[in-house]
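J.: Predicted model follows, preceded by the sequence.
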Amino acid sequence: MIFSSEPDLANFAESLGTFLRTSQRFPICLELVGDVGAGKTTFTRYLAKGLGVKTSVTSPSFTISKRYSFSSNLSEASAYEKCENNRGSSPVGKNFIFELIHYDFYRLDDPGLMADDLAESLTQDNAITVLEWADSVANILPKNHLKITFKIEPSGSRNLTFNKPLETLIANMKGTK
């Protein structure tokens, strides 16, 4: 799928985030593959917006991971505030609290303890885990994880390809509109 501009990519990522939040098929693991500057963190920023994350999403290149909370129901402002103060899958009224966990293994030849942290995150029943530069932890990713490969075209557009589980999910997403 080719995206000729950042707003096009943003719209797709935000729609995917909204679909994932409303489908609530957690845990979810999403691997993003591509060169530096291909748009992986930008994609994650807009995915987070679609999920309902209210805080600014930045690259975890130096911190290795970052966590962001969101609610299953965006209709109550208070749910988000409680979400930020009470992380985990505990209910907030009729809402549940979820996390977007964003990893970037670019600077790690050996993930060490971060591999253990990732393995725990992958089993959180209230989490969407997004990974950049995941080659060093590929052996612990779920077989059915979602994967997007980003390629920068000579025109500057982004060509995204999806693995089969994500293709199926996107087809379901388009079918619900």
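T.: Great, that's in hand.

J.: Give me the contact list for stretch 25-32.
T.: The contact list for stretch 25-32, computed with Cβ atoms under 8 Å, 6 or more residues apart in numbering, reads 20, 40, 43-44, 47, 98, 122-132, 134, 141-142, 145-148, 150, 166. Quick note: C-beta positions are derived from backbone N, CA and C, even for glycine.

J.: Just give me the neighbour total for the nearest residue to S61 once chain neighbours are set aside.
T.: Ranked by Cβ to Cβ, 6 or more residues apart in numbering and with sequence neighbours excluded, the top spatial neighbour of S61 is D104, at 5.0 Å. Residues lying near D104 (other Cβ atoms under 10 Å) number 23.

J.: what about I170, helix or strand, and which?
T.: helix 164-175 (DSSP states H and E).

J.: Which of the three states applies to S59?
T.: What DSSP: H, G, I helix; E, B strand; the rest coil gives for S59 is coil.

J.: mind checking how far the closest residue to it other than its chain neighbours is from L118?
T.: Nearest non-adjacent residue to S59, counting by Cβ to Cβ, 6+ apart: T41, 4.6 Å away. Look at T41 and L118: by Cβ to Cβ, to the nearest Å, they are 18 Å apart.

J.: Run the chain-centre distance for the helix or strand hosting R45.
T.: Assigned by DSSP H and E, R45 belongs to helix 40-51. Chain-centre distance of helix 40-51: 7 Å, with Cα atoms, centre = their mean, to the nearest Å.

J.: and that helix, average pLDDT?
T.: What helix 40-51 shows for mean pLDDT is 95.

J.: Now do the phi/psi pair for S65.
T.: Main-chain torsions, S65, degrees, to the nearest 10: phi -150, psi 150.

J.: Regarding the chain, what is its longest strand?
T.: Ranked by residue count, the top strand of the chain under DSSP state E comes out as strand 95-104.

J.: Quick check: bridge partners of T161?
T.: Beta-bridge partners of T161, counted by DSSP bridges, are T149.

J.: ok, it - contacts?
T.: Counted by Cβ under 8 Å, 6+ apart, T161 has contacts 1, 148-149, 151.

J.: is it true that A48 touches Y68?
T.: Yes - A48 lies in contact with Y68 (Cβ atoms under 8 Å); the separation is 5.9 Å.
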